[in-house]
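# next one to model:
(chains A and B)
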Number of protein chains: 2
Amino acid sequence: MAPVAITPISPPSPTLDDTSKLTKAGTQTILSETVSNSSPAVADLDASKLIFTPNLNPKSVPAPNSPEVWSQNYTTDHMLTARWTEQSGWEAPEIRPYGPLSIMPTASVLHYATECFEGLKAYRGADGKARLFRPDRNARRFLQSATRISLPGFPPEEFLKLLKKFVGTEAPKWIPEPGQFIYIRPTMIATAPALGVQKPREALLYIMMVLFPPLDEPSPAAAVPKSLPAPSTQTPTQETKRPAAGMRLLASSHDMIRAWPGGFGNAKVGANYGPSLVAQGEARSRGYDQILWLFGDECFVTEAGGSNFFVLWKTPEGRLELVTAPLGDGVILEGVTRASVLDLVRRTRPDIDVVERKFTMQELLKAADEGRLLEAFGAGTAFFIAPCSDIHFRGVDLVLPLGKGVLADFAMGIKKTLKDIMYGNEQHEWGVVVEEEKL
Amino acid sequence: MAPVAITPISPPSPTLDDTSKLTKAGTQTILSETVSNSSPAVADLDASKLIFTPNLNPKSVPAPNSPEVWSQNYTTDHMLTARWTEQSGWEAPEIRPYGPLSIMPTASVLHYATECFEGLKAYRGADGKARLFRPDRNARRFLQSATRISLPGFPPEEFLKLLKKFVGTEAPKWIPEPGQFIYIRPTMIATAPALGVQKPREALLYIMMVLFPPLDEPSPAAAVPKSLPAPSTQTPTQETKRPAAGMRLLASSHDMIRAWPGGFGNAKVGANYGPSLVAQGEARSRGYDQILWLFGDECFVTEAGGSNFFVLWKTPEGRLELVTAPLGDGVILEGVTRASVLDLVRRTRPDIDVVERKFTMQELLKAADEGRLLEAFGAGTAFFIAPCSDIHFRGVDLVLPLGKGVLADFAMGIKKTLKDIMYGNEQHEWGVVVEEEKL
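Next up is the predicted model:
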């Protein structure tokens, strides 16, 4: 075998000139760090220490709908990294050229899934501004996930500052036009070269950005380059290029459980994803987009693929009700989109009861039988709002109105409202403007 | 921040001279590969293609009980790697200098825990031969774990050939003296640089070896170098340096569940380990060695740390019974040591009923109350046979006879028999001699 492909990383050493391009704080901190080396204190994550090493070989930005965009694997010029050790705490964060990581074969992350991540997007608004959507929630959840997997903690507000600084650096080049967005992936991994199953002693936090086609909307088939191998049917959080008819779900079998009470289904840790691939592969091979994850003998409905799952129905008493699985038992992820849907409907639709409770496939089937089932949809960052057209549950096909060619009005209404906030058509506290820096 | 420490890998290109040092087959295959390049077939893992790139900067072998050995992080000179791609299948395996892996930040293994591993040991026998213990079982389980996490399959017998070849290369230098052993860690990770939650399209299989102190036996305190920071209390599979008094277990709380029926507790995948670190940390902080993992409202006893768990008791009817959790529901790992204990006792002790069934903490407590509880022990590769001295279960301390200073005779008898096989004192089909090659 040829030696495994190796791309040595030799980023140029940061200089004061480099860092001064980004922030004065960066420059100042390099100096003050030298002074504080005598202090044995464990350092916390500190955005004011950020230093910048520019990519001297920047990439070109591919055209919208080009093969590069459809590959869903085209990153921007830089990544943000911050290294942590048990002895010294967080080192100064750095924005540096995107490239491979050098990881020892014994590193914990490669054996024990000591890893967690986040997913969010940056949007270029009609007003020319770049926005994040409720990034404070991602920052807090990132901390919760890290803690659940014994990775180091950090002040979420410092992480948020770093995230904004990084987006502010990359957005001008990578999402230049109104209506464009880019996917952001914060990650933390345990890197210490030690085989012991133990609390991580070294970790690396990193953030990168990946170009994405607008998978949440039907796009002209012609736009998908024909020369490509079948475009990946998945986005970072299991999004698929759904047919306009809506998302098709295959309910999980009783012997394939995603998460359980007392487990870690409520944390965005790697351990929730890899083990789901077998079931997901079965769904694909049978013509479905995602698994609808059920739990327990009662067949409680929990999540759809990597998204939260909502149902709009009429109760037997005739009330409109929006229902989704509850957070209490730790089986589902507390999605940012989920929280936003709940908030939004509670604020704006007094005619709809919004309920977080356990509900079952039997309830869904009964509501469908009695003509009370109106809509169902997935809600997640990459997925966004994805109306569901049908669910296959152990020999039964549950077909939603959407499957008959009618767009899901309720879900689509929510989607429009959220998009208006994301792209700045509506000024809202959830849409957080990022200060940008032309390099 | 200084750029993350990078050690570029530039192994010398293999030459016919290099490979001919190892095997003729290696040389032959390099030639035949050139011929078969025209074939588009997806290649299977093939040990006859093994090539060898020697480490030109070999390390020294640290003395027994030196700080390097106690660090449990001292690898041998080489690692074995084999790369797989969806398009081409398995490339030729290579034994090459041990060193860092270059992994893209988007690689699946860093986000979705698409990773699995094995753990076994090589032993230097009294007869001077190097042996593995039932490595065919590790090979089969490695394949099962890979399949469970959607990593590529391989013929287990080819993996076994590679494993033996690698051990045969490293053993002469690294376990020179009778009574020595070394820990072996086969690993597989998904390396394709793509954020999609999808079936891995590229993977790397690798095997490495790590020096270990003899943690399963009380060793003279003086032998532990005093200059070290507290030696790691864990081996690759959660072994601890146990006090001679035996392993102390803290029963898991109801809100911390390791595995669930329909999950993946029966696969050696990373996802089972990282999420257990929080509970393990609590056990350590309260003075226990490991978590005794319970399941369900009934408090079924499943595993102890990363090991299987056995109890020897008298039934209320007065029969001697050895009991351990069953494999059927997929909650526990099918340990090689577990299978060997079961086989051995079934063959040699007609006076003991050997039972694989669900059993509860209440049964344990009742047996202890009635004076019927004789022994309990963990069984695993790194752990080996580890008698348990006490279990703390929700306010109750269950103390086993061992805790009173008496060695566990039954468990120790099993341990001696297995060791005799491992070190070749007894010729047995479980002890597989490895052909060695002086480099």
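
# okay, CA-based contacts and neighbour counts for the rest of this
Fine.

# in the stretch 1-150 of chain A, which spans are helices?
A:16-22, A:24-36, A:67-70, A:109-112, A:135-148 (DSSP state H, counting those that start in this stretch).

# same for the fourth one, what does it pack against?
Other helices and strands packing on helix A:109-112, by 3 or more CA pairs under 8 Å, 6 or more residues apart in numbering or on different chains; DSSP states H and E, are helix B:109-112, strand B:115-117.

# break down the stretch 151-300 of chain A into its strands, ranges please.
A:181-190, A:202-210, A:247-251, A:290-295, A:300-304 (DSSP state E, counting those that start in this stretch).

# residues contacting the closest residue in space to residue A:114 that isn't next to it in sequence?
Of all residues not flanking residue A:114 in the chain, residue B:274 sits nearest, at 4.9 Å (CA to CA, 6 or more residues apart in numbering or on different chains). The contact partners of residue B:274, by CA atoms under 8 Å, 6 or more residues apart in numbering or on different chains, come to A:112, A:113, A:114, A:115, A:149, A:150, A:197, A:271.

# lowest pLDDT pick from those?
Across the contacts of residue B:274, the bottom pLDDT score, 89, is held by residue A:197.

# without its sequence neighbours, what residue ends up closest to the residue nearest the centre of chain A?
By CA atoms, centre = their mean, chain A has its centre lying nearest to residue A:119, at 2.1 Å. In space, residue A:119 comes closest to residue A:185 once its chain neighbours are excluded; the distance is 5.0 Å by CA to CA, 6+ apart.

# quickly list the domain ranges of chain A.
Partitioning chain A according to automatic domain parsing yields domains covering residues A:19-210, A:247-422.

# looking at those domains, which is closest to residue B:170?
domain A:19-210 (17.0 Å; CA to CA).

# and the closest one, how far out from the chain's middle?
With CA atoms, centre = their mean, to the nearest Å as the basis, domain A:19-210 stands 14 Å off its chain's centre.

# cool, and stretch A:323-333?
For stretch A:323-333 - counting by CA atoms, centre = their mean - the centre lies 18 Å from the chain centre.

# that one near chain B at all?
No: using CA under 8 Å from any CA of the partner chain, stretch A:323-333 stays clear of chain B, with a minimum separation of 9.2 Å.

# list the buried ones in that stretch?
Buried residues in stretch A:323-333, counted by 16 or more other CA atoms under 10 Å in any protein chain shown: A:323, A:324, A:325, A:326, A:330, A:331, A:332, A:333.

# the closest residue to the last one other than its chain neighbours: neighbouring residues, count only.
Think residue A:333. Spatial nearest neighbour of residue A:333, chain neighbours left out: residue A:266 (4.1 Å); criterion: CA to CA, 6+ apart. Burial of residue A:266 is recorded as 24 neighbouring residues (other CA atoms under 10 Å in any protein chain shown).

# so residue A:266 sits right up against residue A:332, yeah?
Yes: applying CA atoms under 8 Å, one finds residue A:266 in contact with residue A:332, separated by 4.9 Å.

# common neighbours of these two, please.
By CA under 8 Å, 6+ apart, no residue touches both residue A:266 and residue A:332.

# tell me where the model's unsure across chain A.
A:1-40, A:215-245, A:402-408, A:438-439 (pLDDT under 70).

# 50 - rerun?
Where chain A drops to pLDDT under 50, the residues are A:1-39, A:218-243, A:403, A:405.

# distance check, residue A:327 against residue A:256.
Distance, residue A:327 to residue A:256, using CA to CA, to the nearest Å: 21 Å.

# that should have said residue A:204, apologies.
Residue A:204 is 32 Å from residue A:256, by CA to CA.

# follow-up on the earlier one: which of the contacts of residue B:274 lies closest to residue A:421?
Nearest to residue A:421 among these, with distances taken as CA to CA, is residue A:115, at 31.3 Å.

# wait, what's in contact with that closest one?
A:109, A:146, A:149, A:151, A:187-190, A:269-270, B:110-111, B:113, B:274.

# same check on residue A:103?
Here residue A:103 is in contact with A:191, B:100, B:101, B:102, B:103 (CA under 8 Å, 6+ apart).

# buried subset of those, written for PyMOL?
With 16+ other CA under 10 Å as the burial test, the buried ones among those are selected in PyMOL as follows:
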select buried, (chain A and resi 191) or (chain B and resi 100+101+102+103)
